[in-house]
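Asks: Predicted coordinates and the sequence they were generated for:
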Amino acid sequence: MKAQMLTAIGRMEMAEVAEPVMAGATDVLLKIEYVGVCGSDVHYYETGRIGSQVVQFPYMVGHECAATVVDFGADVKGLEKGQPVVVEPAVSCWQCDQCKAGRPHTCRKLKFLGCPGQLDGCLCEYLVMPAECCFPTHDAITLQQGVLCEPFAIGVYAAQQSQITAGQTAAIFGAGPIGLSCLAAAQCEQVGTVAITEKISERIDIAKAAGADWVGNPDAQDVTAEIIDRYDGGVDVAFECAGQQETLDQAIDVLKPGGKLMLIGIPREPRVSFCPDLMRRKEISIINVRRQNHCTQKAIDLIASGRSNLDFMMTHTYEFDQTPEAFDLVAGYKDGVVKALIKV
């Protein structure tokens, strides 16, 4: 089968690789239809690593995908051949203490698509996944919308972990796919008002159109002062979605005493810093968000019901052989890209 392989820093190439084979009774053979380019994919593309996870070339990245069921093992229930599915990219062991505690996303033996040392990615024609990772859409959403369910589920999980409630206020740092997913998730929780900071002009316009109450550009204005003034001393929850030292500092600055800092963005640097004096005096709670825990189905349902319409995030679509162009676009934040899809 054909696959797009990361062969060096900044280089993607089409290659012929062996088709995957179902090895277990609960395995599902999938035909990949669409793949989304994620910021973590771009980290590997530009630097070859995320923290301790280092790419050994050649390597297949990609974890946001929607697919069609081709075949499945004898013990699979609830799936049909030809059925469209959203793919949950994390494969848990279901035997460790974390899985038994309802935390399969921090499974001790977790394997994740497109993560070095774990599983090859989904930038290929066919993929085998456990049935538990295949969520039927029942044609309630499109395959393209199915791709968005992976990042949206992270936003849903982040909002859930923040325990933000109707009437509270929030600030989101970064209006990329994850930041906009957090906005959509917060809107579903009927949050009072949401402010967003963003440097890219096209994304500023998109965030405004998506319903943010205020959007500011930190390159052009003092966003922390404006948010503190606008929201009567600060906000209840800050969603840090950019993974930058600058935005981490701003998020802490705009939080009210007793506020919650949600860490969602992935920094490229191995370490970041915080101001302990300010955090201690405000008694800020820091909550790390690790992907999406039991939120994929909820993301599908929110889109299917019409409560969330994320179609505006799909700004670019490329053919499979144009994958390098898609990665260059996302890596360079070009042409107002939010989410680039690759049609396999």
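Replies: That came through fine. Residues are numbered from 1 along each chain as shown.
Asks: Count residues in the vicinity of the closest residue to residue 114 other than its chain neighbours, would you?
Replies: Once flanking residues are discounted, residue 114 sits nearest to residue 121: 3.0 Å by Cβ to Cβ, 6 or more residues apart in numbering. All C-beta spots, glycine's among them, are computed from the backbone N, C-alpha and C. Counted with other Cβ atoms under 10 Å, residues neighbouring residue 121 total 26.
Asks: Residue 146 too?
Replies: Residue 146 has 26 neighbours, counted by other Cβ under 10 Å.
Asks: quick one: it and residue 34 touch, right?
Replies: Yes - the criterion here is Cβ atoms under 8 Å, and residue 146 meets it with residue 34 at 7.3 Å.
Asks: Find residues that contact each of these two.
Replies: Contact criterion Cβ atoms under 8 Å, 6 or more residues apart in numbering; residues shared by residue 146 and residue 34: residue 66.
Asks: what separates the longest helix seen in the chain from the chain centre, distance-wise?
Replies: Looking across the chain with DSSP state H, the single longest helix is helix 143-162. Distance, stretch centre to chain centre, for helix 143-162: 7 Å (Cα atoms, centre = their mean, to the nearest Å).
Asks: C-terminal to that helix, which secondary structure element comes first?
Replies: Using DSSP states H and E, the next helix or strand after helix 143-162 towards the C-terminus is strand 169-173.
Asks: Can you name every helix or strand that whichever helix or strand comes after that following strand contacts?
Replies: Sequence order places helix 177-188 as the next helix or strand after strand 169-173, per DSSP H and E. With contacts defined as 3 or more Cβ pairs under 8 Å, 6 or more residues apart in numbering; DSSP states H and E, helix 177-188 has these neighbours: helix 143-162, strand 169-173, strand 193-197, helix 201-209, strand 235-240.
Asks: what inclination does helix 177-188 have with respect to strand 169-173?
Replies: Interaxial angle of helix 177-188 relative to strand 169-173 (axes from the mean of the first three to the mean of the last three Cα atoms, to 10 degrees): 170 degrees.
Asks: Just the buried positions in helix 177-188, please.
Replies: 177, 178, 179, 180, 181, 182, 183, 184, 185, 186, 187, 188 (16 or more other Cβ atoms under 10 Å).
Asks: Parallel or antiparallel, list what pairs with the lowest-mean-pLDDT helix or strand in the chain.
Replies: Lowest on mean pLDDT, DSSP states H and E among the helices and strands of the chain sits strand 49-50, with a mean of 90. In the sheet, strand 49-50 lines up against strand 53-54 (antiparallel) (DSSP bridges).
Asks: which residues touch the partner strand?
Replies: 48, 115, 116, 117.
Asks: try stretch 5-20
Replies: Here stretch 5-20 has contacts from 1-4, 29, 44-48, 55, 57-61, 123-128, 320-321, 323-324, 327, 331, using Cβ under 8 Å, 6+ apart.
Asks: among the residues you listed, which are in helices?
Replies: 44, 45, 46, 47, 323, 324, 327, 331.
Asks: Widest-spaced pair of those residues?
Replies: 47 and 323 (18.3 Å; Cβ to Cβ).
Asks: With neighbour numbers in mind, choose between those two.
Replies: Legend: neighbour count by other Cβ under 10 Å for residue 47 and residue 323, higher for residue 323 (25 against 13).
Asks: Excluding chain neighbours, give the residue nearest to that one in space.
Replies: With sequence-adjacent residues excluded and distances taken as Cβ to Cβ, 6+ apart, residue 323 is closest to residue 4, at 4.4 Å.
Asks: thinking again about what came up before, any chance of the helices and strands packed on helix 177-188 in JSON lines, plus mean pLDDT and distance to residue 219?
Replies: Listed next are those as JSON lines, based on pLDDT from 0 to 100; distance: least, Cβ to Cβ, whole Å:
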{"stretch": "helix 143-162", "mean pLDDT": "98", "distance to residue 219": "25"}
{"stretch": "strand 169-173", "mean pLDDT": "98", "distance to residue 219": "13"}
{"stretch": "strand 193-197", "mean pLDDT": "97", "distance to residue 219": "10"}
{"stretch": "helix 201-209", "mean pLDDT": "97", "distance to residue 219": "10"}
{"stretch": "strand 235-240", "mean pLDDT": "98", "distance to residue 219": "18"}
